[in-house]
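S.K.: Turn this into a structure:
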Amino acid sequence: MLHWALLFLIVALVAAALGFTGVAGVATTAAKILFGVFLVLFIATLLFGRLRRPIV
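M.R.: Down below sits the predicted model:
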């Protein structure tokens, strides 16, 4: 999922550089949403993974 977020970020940067503001805005929004979902899933994985294994 982080791969898709980075891909949309690159698309947004290229579109902004070329002057396609509509495409850049959509790609930026998609990148932000995907990065947020990735971050939430990453934190949940860290928390639930630590709960399964006993802390030594």
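
S.K.: And stretch 14-30, what's buried?
M.R.: For stretch 14-30, burial by neighbour count (16 or more other C-beta atoms under 10 Å) applies to Ala15, Ala24, Ala27, Thr28, Ala30. Where you see a C-beta, it was placed from the backbone N, CA and C, and this is true even at glycine.

S.K.: any idea which of these is closest to Leu2?
M.R.: Leu2 lies nearest to Ala30 out of those, by C-beta to C-beta, at 13.2 Å.

S.K.: That closest one touches Leu9, doesn't it?
M.R.: No - counting by C-beta atoms under 8 Å, Ala30 sits too far from Leu9 to count as a contact (9.1 Å).

S.K.: related to what we said a few turns ago, list just the nearest of the buried residues of stretch 14-30 to Phe38.
M.R.: Closest to Phe38, out of all of those and judged by C-beta to C-beta, is Ala30, at 12.3 Å.

S.K.: pLDDT score for the closest one?
M.R.: Ala30 is assigned a pLDDT of 88 by the prediction.

S.K.: Kindly report the same for the one 3 residues further on.
M.R.: The predicted local distance difference test score for Ile33 is 90.
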